[in-house]
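no sequence for this one, just the structure:
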């Protein structure tokens, strides 16, 4: 299976930049997803990386290095509404391309 | 429908009771997934359907858990003789294999199960 590690909690200030890291181990890697989940709500898709490099999408960017088994999610110009859990998920060819999730990083944005 | 719906949204069961959780995926989405999410944790994979075929049930924690999708659309997750450790949010997700370059999964709001 996969080992997917990400920090449990992070705190940042409104207007700042925060980077949430994710490391993984899998032999059938076929893409990495970031999802946002507000308390009591469904996860919603943020980004997808399958090739090395940076994908930018408005205030959110995601980076992947396949050789290092490493990704990060970068959130710029933080807003209070960005307070949520951020879930890193890896898709694996050996699991019918199913996703396996990390435990999530709970981000708190303070004024 | 426009999104994934699940019912009931909340379920309280007495230990030993059987429960059935329903998922209505986005119309036409071939793949359907069930996850179990404990408080403060990420979703844990339970099972996967492609149309009506259950291709992977490796995540089901015991033989008390059973899932079906008889006509390839609506799915039901059944838990028999519920135990307190079954208390969690059960998420359903679907994926359209045809269109999206991302092949992302779309999640329902979940069913919060509490076993007393």
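Received the coordinates, thanks. Note that the structure is a prediction, hence the values are computed from the model and not measured.

could you list every residue that touches residue 107?
In the absence of a named chain, chain A is used. Taking C-beta atoms under 8 Å, 6 or more residues apart in numbering or on different chains, we find residue A:107 in contact with A:9, A:10, A:11, A:12, A:18, A:20, A:75, A:82, A:83, A:84, A:85, A:86. C-beta: built from backbone N, CA, C; applies to glycine.

my bad, chain B
Residue B:107 neighbours (C-beta under 8 Å, 6+ apart): A:42, A:43, A:44, B:4, B:91, B:92, B:93.

What subset of those residues is buried?
Among the contacts of residue B:107, those classed as buried by 16 or more other C-beta atoms under 10 Å in any protein chain shown are A:42, A:43, B:4, B:91, B:92, B:93.

ok so, going back, which pair in the contacts of residue B:107 spans the largest distance?
Largest separation among the contacts of residue B:107 by C-beta to C-beta: A:44 and B:92, giving 14.5 Å.

Residue numbers of chain B in contact with chain A?
Contact residues (C-beta under 8 Å from any C-beta of the partner chain) of chain B with chain A: B:4, B:33, B:35, B:40-45, B:48, B:50, B:55-56, B:91, B:102-110.

about what we covered before: could you tell me which of the buried ones among the contacts of residue B:107 belong to strands?
B:91, B:92, B:93 (DSSP state E).

and these as TSV, adding distance to residue B:66 and pLDDT?
Putting those into TSV (distance: C-beta to C-beta, whole Å; pLDDT from 0 to 100) gives the following:
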residue	distance to residue B:66	pLDDT
B:91	17	97
B:92	15	97
B:93	19	96
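
Can you say which of the residues of chain B next to chain A are buried?
Using 16+ other C-beta under 10 Å, the buried ones in these are B:4, B:33, B:35, B:41-45, B:48, B:50, B:56, B:91, B:103-110.

which residue sits closest to residue A:82, ignoring its sequence neighbours?
In space, and not counting its chain neighbours, residue A:82 is closest to residue A:109: 5.2 Å by C-beta to C-beta, 6 or more residues apart in numbering or on different chains.

Touching, that neighbour and residue A:77? I think so.
No. If you go by C-beta atoms under 8 Å, residue A:109 and residue A:77 don't touch, sitting 10.8 Å apart.

Where do the strands of chain A begin and end?
Here chain A has its strands, by DSSP E, at A:3-5, A:9-13, A:18-25, A:29-37, A:44-49, A:53-57, A:60-65, A:70-75, A:84-92, A:98-101, A:105-110.

Over to chain B?
B:5-7, B:10-13, B:19-24, B:31-37, B:44-50, B:53-56, B:65-68, B:75-79, B:88-95, B:106-107, B:111-115.

for the first one, packing partners?
When you say that, I think you mean strand B:5-7. strand B:19-24, strand B:88-95 (3 or more C-beta pairs under 8 Å, 6 or more residues apart in numbering or on different chains; DSSP states H and E).

gap between the residue most central in space within chain B and chain A?
The centroid of chain B falls nearest to residue B:34 when counting by C-alpha atoms, centre = their mean (3.1 Å). Distance from residue B:34 to chain A, counting by C-beta to the nearest C-beta, to the nearest Å: 11 Å.

How about residue B:2?
Taking C-beta to the nearest C-beta, one finds residue B:2 at 13 Å from chain A.

just to revisit the earlier point, can I get the buried ones among the contacts of residue B:107 in a markdown table with distance to residue B:11?
Converted to a markdown table, the buried ones among the contacts of residue B:107 look like this (distance: C-beta to C-beta, whole Å):
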| residue | distance to residue B:11 |
| --- | --- |
| A:42 | 17 |
| A:43 | 20 |
| B:4 | 17 |
| B:91 | 14 |
| B:92 | 14 |
| B:93 | 19 |
